Each structure stands twice: as structure tokens, then as C-alpha cells.
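> Predicted structure and sequence below. I'll ask about it afterward.
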Amino acid sequence: MNSEPTLGRSTNTWRRPPSDWGFALLVVAGVAYAFLQTGATMDGYDRAILILAAPAFIALGWAWRPLRAFFAACAAIALLAINLYQGDGTRAESAFLLKYLIASQSAILWMSALYLLATASYWFGLLSRSGFATRAGSTLTWAATVMGSSGLLVRWHETYLKGAEVGHIPVSNLYEVFVLFALLTALIYLNYETRYRTRQLGAFVLLVITAAVAFLLWYTATRDAQIIQPLVPALQSWWMKLHVPANFVGYGAFAIAAMVGLARLLAQRGILATRLPVLPVLDDIMYRAIAVGFAFFTVATILGALWAAEAWGTYWQWDPKETWALIVWLNYAAWLHVRLNRQLRDSVLAWWAFVGLLITTFAFVGVNMFLSGLHSYGNL
Amino acid sequence: MRFAITLLVVIAIASAIGTVLRQNEPFNAYINEFGPFWFEVFRSLDLHAVYNAWWFLLILAFLVVSTGTCLVRHTPQMLRDMRSFREHAREASLRQFAQQAEWPSGLQADAVLASARERLSAAGFRFRESPQDGTTLIAGKRGSWNRWGYVLAHSAIVLICIGGLVDGNVPLKLAMLIGDKQPTRYGQLLDTIPAPSRLGPDNPSFRGNVFLPEGSRSNAAMLNYEDGMLLQELPFSLVLKRFTIDHYANGMPKRFVSDLIVVWPDGRQKEASIEVNKPLVVDGITLYQASFEDGGSRVDWRLRSLGPFVSSKTGSGRIGESAALSAGGQDFQVEYTGFKAINVENLDEAAEAPRSAFASLTDSAVSRRVDQAMQNVGPSFQYKLRDSAGQAREFLAYHLPVVRGGLPVALIGMRESPGEPFRFLRIPVDDGTTDAWYAFRATLMDPAKRPAIVKAFVAAASSEETSNALRQQLAISADQALKLFAERGYARLGEFIEKNIPEKDRDKAAEIFVRLLQGMAWEAWKLNRQNVTSSVPQDPARIAWLTTAMTSVSDAFHLGTPVVLEPTGFEEVRASVIQLTRSPGKPLVYLGSLLLVLGIFIMFYIHDQRLFLLVKPGADGCQVLFAMTAVRRTLDFESTFNRLTNELATATGSLIEINEPTPADCDTTAP
């Protein structure tokens, strides 16, 4: 699938089908509703972010149609949960639907279960060449992503139920960003699935998501990580709403590139080669993922530097997290240069993308585990 | 290109070194950890400050120079390329293209050209036509902006590096090299710092800290440099009116606020508050809430004896100071190291019990289980007692009792080195004070009172029928038990049993000793009171008190000190640490960042594509040759080519069916 329906640029923004405008109207209505509900408690920056979220969501929904139903499902579940809470956090333990389905932790457990099922389904489909199983894998991945995303939305509401002063966007600690990582990785992957019309890579990409889910479950079971805690002063800033999601688009895309790289390394050795897409397609997905990841990671790192300049007093101070972000950035910058070098290609690139995941993982979790610094918001 | 790749990888590896090895620590810390030999090696390579090391700066300089050279070399060619349509391409070269298609058309050349023009404009191509030997070539391009992406992104790197170097400590390094500045050691009075270690208020680039206790005033910041410091004079003074910490309901800190007054030499004043994430800019210097410390709080104490003497000495001291103290014939130095007005601790003993993983997993995010366990246990103070041999033990004492195991206890923590966790002694509290416990302990330990305790115990434990021999035997055992206990607590009793009693009888002997001690504990407690007569304690609270008291008397031997300071009062003085920066490179870095983002998005998402349409008039109609090329030949480009081919062929009246499948349309799985 390509976003260019005819010769490319001939799509006029204003000449769109009614369904596009209907969707846009719904997004605007949703943002307006959110603004009326919460606008009074926000500062100017937060309001600007909320307002600008509308065109961003509209653009996403226009560019990729399945997102519309996805947004609608997440919003419906979140609104239902908010309605069921009736402003009382303890109802998470008593209201049936909340307790077993759509309170944030329940929804996120469902997400975890569905991702595990999706992984199994994709692998079964890949190995047995069953189109039904890979289609089931896709559907399960969508379902998991709906549960996880609405879980995070509900959690956003729950932070306010815990206390008006506690309320914050749930991208502030390791638990929350692991969920975010799984969701964004899944969404980017699903987009490639439609774009390249292949479901064969789900088996590989979902392995990373499974690893994230396993970590999430361990972290929750041993550290009570899901229990909402208020924000430390350094995190109380609107920058968080931009910096963290941008970062995780980067991490998610890099993870996909690494797994596609792994698939390519196997395929070029003849392993699963007849079941996987042809090598040029794998190379193309890898490049596309790294391009998206690199662009967003650059933005995220710059946003982080701008925020650091306000919170820590300088835009760059070689804090371990900053330094490792730079290392990740340099790594993929090098990858992009390697790609232009015609003598070093393809399998070198695949190896490089795969090793890149180790570097990215270290920057994401390893720094928190082994190095200390200012950016210690999820201690292990 | 290879050079660029190598450079990027080398910078990445060099940066990683600095995260593995702790940076900018005092030199002694490295010597302790790695030994003098490796320290010299590290120092010669500046590994203690990698990011300011000459070799690291050299690599960055390389990056700037090589990126700059690339830019200068490639930009003019790129700009020429951008403008050019390459309308003089020859048919032979078009036939070399990977993407090309050819079809005969039944239309006349003019009609073909007209509909091609219309199609290409609609697709966003700009084009030029050039007639060549009776044929016509349409040369079109779109997305030429792509080349600007390269220029923007690469000049951004140069800008960011230069801005960063200006804001780093390169200017300071140069001042050191020229020789008129040198760092001095920490811990001097600010007024006595010599001129070579002072930097004037006009210094264009610096980052330093001001330590400001509440109510104090300062007009200079301290800059870390190597193993020492430099003093940065400021064009204004700062007065800290008040430093406030707000807390959340669960005790976590919510806000750190410094209420400041900025005072200029000409007498002007300005009041302002700064918070984390809310800095203040004064005269181009940015002020940040960096951290907070104790500003010299006063702590009052009572000296408590854990030795064979009684003390009623009281005193007080300020955090950061130290004073001589003599007690029980020994001389100590007391170092007041810290004070905290609020300590939020997890005191829920149930929360410490293991829970099943499932219970934890399914706990709601809104659960208050963890919060409820968190409680403010009030102020604490930390001090070191250094004996005449220079050995120091560090103590942590809480001002208020906390409830442990249902009993209010006073906590005293002790550790022998800063790296260890504190080990805690729990002293049971009676009527809000520890007086009873200290009196009880002194009585138990006092050899002169032992006969009386033993006598009272024997009397209470025997009845009229008890024989004299038995009473005597009981008295001897009781005396021995108490004597051993007074020497070193339960540990000494254990040693005695192990040495003197055959293995099979040890459990029984231990049980008897414990019973004897329990009985005598009651008698010792009664000895300090006149009106208690019962032979055994009745009140369960008293029994619990006695059990804990005996354990703590025994544990107190592990403190290894004859005295402790018991806090009795305090006056808190907070200090705020404010970071001041002047970073002239910041606009450059920010501009660079903007260009970098623009450049990267342009490079990735504006596709530079060129196409050529050669129309050759024939007998009845014409022959059309279509070719395309792009900077990035992705699958997207291939499908764009295929779609364009189809559309153009249809529009120009192709006589043959051109239906090349686009890669995205076909099944991408290998056959």
C-alpha cells in the first residue's frame, strides 16, 4: 500500500471522501471535549499540546485508515472505564468490568496475554505456512494494542483518582514506558504489515514485544511497579508529553529494524528463506524502520536536551542516559552512512541493525541497571 | 564515507568509556579504587574527565573539520544538481537506467506531449522540454529539496559541535594554558581565594554552583575544575530568603522552591522564586534549582552512657561542625554530619511479608497499599564519633520513637564505614523516653547491684518448701548468668554454653539461662521502682518491654561505643544549591538542532526523483521512451515508477498493454 493513490501528489487535502472528514470531526470533537474537561487545570504549553494533538491524530488517521477504528475503540473503552470509576479509585476492586477487564492494570495484563498469543500464532503461521494463523496473529496484535492503549488512557485518569496533585501522563516510569514501547512497536509493525502486504515478519517482531512483556510482568510482580506514584519535581513538565513518546517511536522502530535484520540474516543462509519475504523487501523494511527511528530519536534527544536545559541547568552534561542516547544516535547515523557505501551492504547492514538493538536496549534499560545518573526514573 | 563511518563509531566508543568510568570524582577516589599505577595511566589519558580530554576534543574537531570539508566540497555541486533538469540527456544514457519502459503510441507527438505535460504537472513534477534531432525530451524532477536536507543536517552538526565546545570547558582550558588561571582546592574561605583562581563577572561562559543557607548572601559561584575549583564572581549577589520543600500526601517531595533576592551593587533589588523546571534568567545568567543541603542546622543532645558510668551531659552542635567530647575517661571528636527534618519510611511490617506474584500482578494501579506503609517518622540526625586513634563510627539517631513489633522504640543506627548500611538498635521507650531503659541497663550491668538482683530473684523463684541447697544452687546459677550477660550479652552466654556444656544438654542449658535472665530482668526493673511488688510481671506490655529491653541491652554491645548522643531538640537551617550558567553557545546549538531535524526529515521524506520522456515521431504515431531515477532507490520508488509508467502509457495512447506489477501489489513472499 502506498499513501499516493495516483501519480503522487495529486491528492488534494480538501478533496477527501466524507469518511475522512467525519473522522476529522470526531477527533476535533474529542479534543474539544478533553479541553473542556481538563483545560482549566493545564498551563499554556499543555493546552497547546492538546490542541496540536488534533491535527496530528487526524493526519495519522488519514494516512493509515485502520487507525481510525483503533482510536475509536481505545477512546470508547477509556470513556467507559472513566464512567465506571465515577471518580472513585477504589471501584477498581469492586466494579466487575473494571476489575477484570478495563482498569489499567487489568487491561495491561490482557494486553500481555494477547501479545503472547499473537507471538505464538505468528510463529505457528510462519512455520506451518498457515495464512489463517498469521491473520489471527495480526488480529490478536491489534486486540492487544487496543487493550494496552486504552489501559494507558485509563491509567492517565487513574493518576488523577489517586490525587489531583498526583495526576500525570503515564509515560513517567519504567513500567509505563515498557507498555508504551510494546504498543508503539506493535503499531509501527502493523503499519508495515499493511504497507508491504506481508504478515511473515510478525513472528520476529513480536519476539521483542514478548521480551518487553516478560520484563513488564516480572517488574510488576516483584516491585509493585504498576502502583501509581507521584512525579518527582524534575519530571513535572509538559516536555514529558513530547520527549518520551518521540523516544519510544525511535526505540520501537529500531527494534523492528533489528528483528527484520535477524530475519534477513537467517533468510540469506537459507533458514526460513522460503517462508519470509524476499531479501530486497526485508532490506527495504529495515531501511524504512531505521529512517523513522532515526528521525524520531533525533527529535526526542533534542527535546530531551531542551528539557534538560530547564530542569538540570544545561542542555548537555554527559549524563549516562544522555551519553548513551548519543551513542545510539551515532550508531544509526553510522548505519545510514554505511548504507550509502556500495561496497559494504546488505548483510553488514543487517548485522549492524541487529547489534544496534543491543546498544538501544542498553541505553533504554541497561543504563538504569548499571549506571547512575540524573535520568534515573526507573530504578532496577 | 568510510572516514565518516569510522569517526562516528570512534566517537561512540569514546563516549561509552566515560559512562563506564565515573567522571570528575576526586582523584583520591580513583586511587582507592584502581591503585596508584592505574590512576597514573588514567590521568595521563584524562580518563577521569573523558569529555574534556584533549584527545576527545581532537576527535570532535576532526568531526567538525571533516563534515565542514564535505559540505564545502559537495554543496556547490548539489545546488547545481538541484537546479538542473538534465534536459540534454541522450537516448543512449536513458537506456542505461534501471527503471525504463517503452511503448508505441497511436497519437501524434504533440498530443502525446500535451497529455504527458498534464499528467506530470498533476504529479508534482517540474520539467523542461528540449527538442533533439526531431525528437522531444521532457526532463522532469520533483523533490529536489532533498539535497537541502544534506546541507542542513551536516551544517547542523558543525553548528552543534562548535556551540557545545564554546559552552564546555574549552575556554577555561585555554585560560589555564595561557597560564594566568589555576584551580585551587575546595574548603577555603571565599575571601581568601587568590586572584589566579578567580574569574571575573565578564567571563562569557561558565557553569557553577552557589551554596546558600537560608538568610545568607553570596556573590560568587564555585566551578569544578579537575581536582579543585575556581571562583566565579557574579555581577550581583544572591540572598536566600527561604527554601521550601512541599510534599505529596505519601511523603514524597513535590516541589523545591528557593525564594531569592537578587541584589545588584548599585542597590537595585529583585525578588524571585525558582523551582525545578522553572529557572530564572538574570543578566544573561540562568539560575536553576539544582539541589538542597543542610545549611547548618542546630541539634541538641543528651549524652547517654553505654559504659560503666552514668552521664547527664547535654550539648548541641551545628551540622558541618565538629567538637571535642570526653566521656567515661575517653576523648572523642564529634562530627555533626547531617540532619533531616522529615524521614518517610516504609513501616508497614505486613508489607514486608512475601506476597504471591499473582497478588502483586493483579493489584490495581490505584492501590494505596504501598502509600499506607509510608510514614513520616520525624527528624533524624547523623554524627560521627572519632576516638583518639582516629577511628570513626557513624550514628543515625531518630528524634521520635517509632512503633516496631507493637512497641514504641527509639532507633539508633550505626555503621563503621560510609559504604555500609546502618544496623539498628531498638531501645524500648517508656512514657515517651528512654530513661527507664538506660536506668534498667545500668542496673543490670552494675556488679555492685548484682547480689541484690540475684537475692530478690531467688526469693521470688522459691517457695517455703525450697531447700537451702537448692536456693544456693539457684543463686550461683543466676549470678553466673547475669555476670556473663553483663560481660557481652547473649553472645557471651552462647560462648560459655558451647565451651562448658556437653552438646546434648546445650538447648536445655540455654533455656534455663534465658529463664533466669528473664526473672532477673524483672527484679532489676523493680529495683529502680519502690512500689512494684508482684513476683512476676502481669502486664503483657511490660513483658514485651522487658524482652525487647534485654535484646537491646545485648545488642548494644555491638555498637562498640561507650556513649551515644540522644537527640533532644533541633533548629533546622536549610541551604539551597543554585546552579548558575552562562552559555553563549546555546543559540548556536539550538539553531543547529532545528536545522538537524529539518535536514533529517527532508532527507528521509522528500524523495528526489527525476524522469525523462523521449518522444520520437514515427509514421503513424510515435515511440515513447520513459525512464526514471532517484537518489534513494527504495521499493516505494519502484512502485512509483510502475504506477507512473501505467498512467503515462494510458494517457499517451499506448498501443500495448503495460502492466508491470508493482512490488507492493504482488505477494512479497518468495515462491
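Arrived safely, thanks for sending. Bear in mind the structure is a predicted one, so any value in this text is a computation, not a measurement.

> tell me the secondary structure for A:Leu50?
Under the three-state scheme (DSSP: H, G, I helix; E, B strand; the rest coil), A:Leu50 adopts helix.

> try B:Phe292
Per three-state DSSP, B:Phe292 ends up strand.

> and the nearest residue to it once chain neighbours are set aside, how far is that from B:Thr337?
In space, and not counting its chain neighbours, B:Phe292 is closest to B:Ser576: 5.3 Å by CB to CB, 6 or more residues apart in numbering or on different chains. C-beta here means a position set from N, CA and C on the backbone, and glycine is covered the same way. Separation of B:Ser576 from B:Thr337 (CB to CB, to the nearest Å): 19 Å.

> Same question for B:Ala92.
B:Ala92 sits 86 Å away from B:Thr337, going by CB to CB.

> Could you check which of the two is surrounded by more residues?
B:Thr337 (18 against 7; other CB atoms under 10 Å in any protein chain shown).

> Please state the backbone phi and psi of the residue nearest to B:Phe292?
Dihedral pair for B:Ser576: phi -110, psi 140, per degrees, to the nearest 10.

> so it makes contact with B:Val239?
No - applying CB atoms under 8 Å as the test, B:Ser576 and B:Val239 come out as separate, 11.1 Å apart.

> quick one: common contacting residues for those two?
B:Leu212 (CB atoms under 8 Å, 6 or more residues apart in numbering or on different chains).

> neighbour count winner among the two?
Comparing B:Ser576 with B:Val239 by neighbour count (other CB under 10 Å), the higher total belongs to B:Ser576, at 26 against 17.

> partners of the more buried one in the sheet?
Beta bridges link B:Ser576 to B:Leu212, B:Phe292, judged by DSSP bridges.

> Repeat that for B:Arg198.
Beta-bridge partners recorded for B:Arg198 (DSSP bridges): B:Leu231.

> list the contacts for it?
B:Arg198 sits next to B:230-233 when contact means CB under 8 Å, 6+ apart.

> isn't B:Arg574 right next to B:Gly215, touching?
No - assessed by CB under 8 Å, B:Arg574 is found out of contact with B:Gly215, at 10.0 Å.

> Compare those two (neighbour count), which wins?
Taking other CB under 10 Å, B:Arg574 and B:Gly215 do not tie; B:Arg574 has more neighbours (22 against 13).

> Spit out the contact partners of the residue nearest to that one when sequence neighbours are not counted.
Spatial nearest neighbour of B:Arg574, excluding adjacent residues (CB to CB, 6+ apart): B:Phe243 at 4.4 Å. Each residue near B:Phe243 by CB under 8 Å, 6+ apart is listed here: B:214, B:256-259, B:292, B:295, B:574-576.

> Among those residues, find me the one that's closest to A:Pro280.
Nearest to A:Pro280 among these, counting by CB to CB, is B:Phe256 at 55.8 Å.

> from the chain's centre, how far out does the host helix or strand of A:Val299 sit?
Using DSSP states H and E, A:Val299 sits in helix A:279-311. Distance of helix A:279-311 from its chain centroid, counting by CA atoms, centre = their mean, to the nearest Å, is 13 Å.

> which secondary structure elements does it contact?
helix A:174-196, helix A:239-268, helix A:320-340, helix A:347-361, helix B:586-605, helix B:635-651 (3 or more CB pairs under 8 Å, 6 or more residues apart in numbering or on different chains; DSSP states H and E).

> possible to save those helices as a markdown table with distance to B:Thr314, mean pLDDT and mean neighbour count?
A markdown table is the format used below for the helices and strands packed on helix A:279-311 (distance: least, CB to CB, whole Å; pLDDT from 0 to 100; neighbours: other CB atoms under 10 Å in any protein chain shown):
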| stretch | distance to B:Thr314 | mean pLDDT | mean neighbour count |
| --- | --- | --- | --- |
| helix A:174-196 | 48 | 97 | 23 |
| helix A:239-268 | 50 | 97 | 24 |
| helix A:320-340 | 47 | 95 | 21 |
| helix A:347-361 | 57 | 95 | 19 |
| helix B:586-605 | 54 | 96 | 19 |
| helix B:635-651 | 82 | 91 | 21 |
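
> nearest residue to A:Val292 other than its sequence neighbours?
The spatially closest residue to A:Val292, leaving aside those adjacent along the chain, is A:Ala253, at 4.5 Å (CB to CB, 6+ apart).

> where does the stretch 201-350 of chain B come near chain A, residue by residue?
B:207, B:248-250, B:252-256, B:275-279, B:286, B:288, B:290 (CB under 8 Å from any CB of the partner chain).

> at 7 Å instead, please
B:207, B:248-249, B:252-256, B:276-277, B:279, B:288, B:290 (CB under 7 Å from any CB of the partner chain).

> Can you tell me which of those are buried?
B:207, B:248, B:252-256, B:276-277, B:279, B:288, B:290 (16 or more other CB atoms under 10 Å in any protein chain shown).

> Close to chain A: what parts of the stretch 551-671 of chain B are there?
For the stretch 551-671 of chain B, the contact set with chain A under CB under 7 Å from any CB comprises B:579, B:581, B:583, B:586, B:589, B:593, B:596-597, B:600-601, B:604, B:634-636, B:639-640, B:643-644, B:647, B:664, B:668-670.

> give me the element the residue with the largest distance to the centre of chain A is part of.
Most distant from the centre of chain A: A:Gln343, at 34.3 Å, with distances by CA atoms, centre = their mean. Assigned by DSSP H and E, A:Gln343 falls within no helix or strand.

> Same question for B:Ile453.
In the assignment (DSSP H and E), B:Ile453 maps to helix B:450-461.

> what's the least confident helix or strand in chain B, going by average pLDDT?
Ranked by mean pLDDT, DSSP states H and E, the helix or strand of chain B with the weakest confidence is helix B:369-373, at a mean of 73.

> Tell me which residues of the helix or strand just after that one come out buried.
Downstream of helix B:369-373, the first helix or strand assigned by DSSP H and E is strand B:374-376. By neighbour count on 16+ other CB under 10 Å, the buried set for strand B:374-376 is B:374-375.
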